[in-house]
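[1] need a structure here:
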Amino acid sequence: MTRTYKEIINEMNRAYNEFYILLFQELKDEYGLTGQQESMLFHIHLNENTTANHIATTFNISKSAVSQVLSKLEKQKMISKQVNPNNKREYFLTLGPNGSKYMEQLSELDDVLIEKYFSKIDIGALEQMTDTLKKINKVILEEKQKDLDCNE
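    All right, here's what the predicted structure looks like:
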């Protein structure tokens, strides 16, 4: 029996949500982060000297919404802002002390997860899963770019 895209995607979403809850909820709860705060924190971690405007564009949300989330993260010392020397009205965003600590804890958690769980799965299967996720991300980014190009 051939399954539909919808059935496979629903199963993938359920599996991802269960995976996320099993592994990361405890750490997220320790810091009291919402999903959106955590997503922005990851974005800042992976994109050195990003800006609020870049986050708003990437996440396709209003600058006001980004500003509210960043304010909370800044109060929690998860991020810090530095004035862009080329544009005094713009701030570069970097991890603050608590944001760095959070990322360090995630890295330590990765080591535990590898030893305890992932090492029990064939590395080829993990590579294939990673390649598939990268392909999905590439398609999504290309389609979003097409939508942006059409709206200009």
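[2] shaky segments in this structure?
    1, 26, 28 (pLDDT under 70).
[3] mind checking the longest strand of it?
    strand 87-95 (DSSP state E).
[4] after that strand comes which helix or strand?
    helix 97-116 (DSSP states H and E).
[5] Now do the same contact list for residue 109.
    Contact analysis of residue 109 by CB atoms under 8 Å, 6 or more residues apart in numbering lists 23-24, 27. Just so you know, the C-beta spots here come from the backbone N, C-alpha and C atoms, and that holds for glycine as well.
[6] Could you check how far it is from residue 42?
    From residue 109 across to residue 42, the span is 14 Å (CB to CB, to the nearest Å).
[7] again, but for residue 97
    Using CB to CB, residue 97 is found at 17 Å from residue 42.
[8] Residue 73 too?
    According to CB to CB, residue 73 and residue 42 sit 12 Å apart.
[9] now swap in residue 54 and tell me
    14 Å.
[10] Specify which residue of the two has the higher count of neighbours.
    residue 54 (17 against 14; other CB atoms under 10 Å).
[11] Next, the angle helix 97-116 makes with the longest helix along the chain.
    When the chain is parsed with DSSP state H, its longest helix is helix 123-151. Angle, helix 123-151 to helix 97-116, by axes from the mean of the first three to the mean of the last three CA atoms, to 10 degrees: 140 degrees.
[12] got the CA positions of stretch 3-12 in CSV?
    Listed next in CSV are the C-alpha coordinates belonging to stretch 3-12 (Å, rounded to 0.1, in the frame of the first residue of the first chain):
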residue,chain,number,x,y,z
ARG,A,3,1.0,6.1,1.6
THR,A,4,0.2,9.7,0.6
TYR,A,5,2.4,12.7,1.2
LYS,A,6,-0.1,13.9,3.8
GLU,A,7,0.1,10.6,5.8
ILE,A,8,3.9,10.6,5.7
ILE,A,9,4.2,14.3,6.7
ASN,A,10,1.7,13.8,9.5
GLU,A,11,3.7,10.9,10.8
MET,A,12,7.0,12.8,10.4
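[13] Can you give the distance of that stretch from its chain's centre?
    In terms of CA atoms, centre = their mean, to the nearest Å, the centre of stretch 3-12 is found 23 Å from the chain centre.
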